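Trainee: only the shape, not the letters, is given here:
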């Protein structure tokens, strides 16, 4: 196991280097100018703009800028934002709690909803419950989050006036009243995300269990007289969870980046909103920092998923 983990980590290093090179080249060659906001300001001359560009290192060749960024990143320094001159790590740390609260709660709710629905739907295939759960999954999967978000705003904010449709980033939880306000303003963005994520996860779990139910070992277990509950819990679920863990390992890093569309719809000041605003402003250090940390998390959680395979399926051999 230790040797396998070391080999995977060694393999991840060139993968992450390649990802960082591609990301840096795409952002460096993409249209847009970080100095665009200064161009419309008549009080800032071309000479001043050039001095600012030089201070930001934008006058240097791309390969020099990349090596400087990579060396600083290895030291824990992701650079400074071009627009606000605030360290990228500080900007991320300011937005991260909100993204973890909204996206993390939504994914946890999605898992709580998807697992029982997917399992029962697979066991009671073609039943009324299966048809209702499948309809729910198709609706949640087919409706894009931005449409669901706008629909929730029209119904629950405009017509019913139950929840605020704009997230108040200045709200500080100090007592039960402000805590309830925090819950109220979080219900709609969390529900929109959970609806889509639970639909995808539920369909995946249902398909994985249905595939295992037709295996020979399941028929053998039933033939030996094992109760259906024991067959499902100790035999079917353990094998069906292997592809589900792969999907979850790819989804968990998304909690870090937040929800790009949903955060824009509800004005949630999370990592996703920061990433979108930074792209609009051509703020390369912020975009590079968020996207590369996301890539690192994807590689890391894929490794975690591979390790979990061995616990779920003893046939998996690590070499």
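Mentor: Yep, that arrived. Please read all numbers here as calculations on a predicted model, not as lab measurements.
Trainee: switch to C-alpha atoms for all contacts and neighbour counts from now on
Mentor: Noted.
Trainee: the most centrally placed residue in the chain and residue 99, how far apart?
Mentor: When Cα atoms, centre = their mean is applied to the chain, the residue found nearest the centroid is residue 254 (0.9 Å). Going from residue 254 to residue 99 by Cα to Cα, to the nearest Å gives 10 Å.
Trainee: and the pLDDT for the closest residue to the residue nearest to the centre of the chain other than its chain neighbours?
Mentor: Leaving aside its chain neighbours, residue 254 sits nearest to residue 294 (7.5 Å; criterion: Cα to Cα, 6 or more residues apart in numbering). Listed pLDDT for residue 294 reads 83.
Trainee: number of nearby residues for residue 294?
Mentor: For residue 294, the count of nearby residues is 17 (other Cα atoms under 10 Å).
Trainee: for the helix or strand encompassing it, buried residues please.
Mentor: Applying DSSP states H and E as the criterion places residue 294 in helix 284-312. Across helix 284-312, burial judged by 16 or more other Cα atoms under 10 Å covers 284-292, 294, 296-303, 305-307, 309.
Trainee: likewise for stretch 94-107?
Mentor: 95, 96, 97, 98, 99, 100, 102, 103, 104, 105, 106, 107.
Trainee: list the contacts of that stretch.
Mentor: Outside of stretch 94-107, the residues within contact range by Cα atoms under 8 Å, 6 or more residues apart in numbering are 186, 189-191, 193-194, 197-198, 254-259, 268-272, 274.
Trainee: swap the cut-off to 7 Å and go again
Mentor: 186, 190-191, 193-194, 197, 255-256, 258-259, 269-271 (Cα atoms under 7 Å, 6 or more residues apart in numbering).
Trainee: now the end-to-end length of it.
Mentor: End-to-end for stretch 94-107, by Cα to Cα: 21 Å.
Trainee: which neighbouring elements make contact with the helix or strand hosting residue 147?
Mentor: In the assignment (DSSP H and E), residue 147 maps to helix 145-152. Contacts defined by 3 or more Cα pairs under 7 Å, 6 or more residues apart in numbering; DSSP states H and E place helix 145-152 against helix 176-213, helix 260-265.
Trainee: how far does the shortest one sit from the chain's center?
Mentor: By that I understand helix 260-265. 13 Å (Cα atoms, centre = their mean, to the nearest Å).
Trainee: weakest of the helices and strands packed on helix 145-152 in terms of mean pLDDT?
Mentor: helix 260-265 has the lowest average pLDDT among the helices and strands packed on helix 145-152, namely a mean of 78.
Trainee: helix/strand/coil for residue 165?
Mentor: coil (DSSP: H, G, I helix; E, B strand; the rest coil).
Trainee: roughly how far apart are it and residue 96?
Mentor: 21 Å.
Trainee: equivalent analysis for residue 204, please.
Mentor: Using Cα to Cα, residue 204 is found at 29 Å from residue 96.
Trainee: one more: residue 81?
Mentor: For residue 81, the distance to residue 96 equals 16 Å [Cα to Cα].
Trainee: residue 208: what's it in contact with?
Mentor: residue 240.
Trainee: contacts for the strand or helix carrying residue 139?
Mentor: Using DSSP H and E, residue 139 sits in helix 128-142. By Cα under 7 Å, 6+ apart, the residues outside helix 128-142 that reach it are 117, 121, 124, 195, 196, 199, 200, 202, 203.
Trainee: what's the angle from it to helix 145-152?
Mentor: Counting by axes from the mean of the first three to the mean of the last three Cα atoms, to 10 degrees, helix 128-142 points 110 degrees away from the direction of helix 145-152.
Trainee: what's the local residue count around the closest residue to residue 228 other than its chain neighbours?
Mentor: Nearest non-adjacent residue to residue 228, counting by Cα to Cα, 6+ apart: residue 222, 7.3 Å away. Neighbourhood size, residue 222 [other Cα under 10 Å]: 14.
Trainee: please consider this matter closed, and thank you.
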